[in-house]
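Student: got a sequence here, can you model it:
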Amino acid sequence: MTRPVDRERSLEELDGDRRPAPPGGGTRLTATVHELRGKPIGGLTVEDMRLLIRQDVGLAHLLPLAVEVLRADPTAAGDMYEGDLLAAVLTRSAEAWREFPELGREVRLIASASAETLPALRREVEGFLAR
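Tutor: Okay, here's the model as predicted:
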């Protein structure tokens, strides 16, 4: 069962894991992830969630939020392409989904219903449904 998500708190606060700033010369991705971990999760954009989920950061807190977005709009897009949030969610490891079986069932329904409208995600949808 998923637990309620406190949208006013950041991933750092929710996880109890404040990390030091990345060293100078690090990648832009590392700096962005660090910055987003300090932002209240209720203020994260679709692109922010897509990026963090792709990096397997804060999944316990972000997958329920992402599923809320996808429930309303399976084609929700960050900065990459239509449906990129769904693609990020679908490509998480089978291990990650074992922690969230009810979310996984809901994502299966969303993915099945979206297969026709998002043909570019066919491979991701098929891979997820095959698990």
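Student: any stretches of this structure with poor pLDDT?
Tutor: The model of the chain has pLDDT under 70 over residues 1-3.
Student: quick check: end-to-end length of stretch 86-99?
Tutor: Its first and final residues considered, stretch 86-99 spans 18 Å by CA to CA, to the nearest Å.
Student: residue contacts, D15?
Tutor: G58, H61 (CB atoms under 8 Å, 6 or more residues apart in numbering). (Each C-beta comes from the backbone N, C-alpha and C, glycine too.)
Student: find the centremost residue of the chain, please.
Tutor: Centroid check for the chain by CA atoms, centre = their mean gives I53 as the closest residue, at 3.5 Å.
Student: my read is that residue is in a helix, agree?
Tutor: Yes. Counting by DSSP: H, G, I helix; E, B strand; the rest coil, I53 is found in a helix.
Student: doesn't R7 lie inside a strand?
Tutor: No. Read with three-state DSSP, R7 is coil and lies in no strand.
Student: where does it fall, phi/psi-wise?
Tutor: Note on R7: its backbone torsions stand at phi -70, psi -10 [degrees, to the nearest 10].
Student: now it: closest residue in space, sequence neighbours ignored.
Tutor: Excluding its sequence neighbours, the residue lying closest to R7 (CB to CB, 6 or more residues apart in numbering) is G42, at 2.8 Å.
Student: how many neighbouring residues does R18 have?
Tutor: By other CB atoms under 10 Å, 11 other residues sit near R18.
Student: one step back: run a quick check on the residue nearest to the centre of the chain versus V67, I expect a contact.
Tutor: No. Using CB atoms under 8 Å as the test, I53 is too far from V67 to be in contact (10.8 Å).
Student: joint contacts of the two?
Tutor: Counting by CB under 8 Å, 6+ apart, the shared contacts of I53 and V67 are V89.
Student: thinking E12 is in contact with R19, fair?
Tutor: Yes. Between E12 and R19 there is a contact under CB under 8 Å: 7.4 Å.
Student: tell me which of those two has more neighbours.
Tutor: Higher neighbour count among E12 and R19: E12, with 16 against 11, using other CB under 10 Å.
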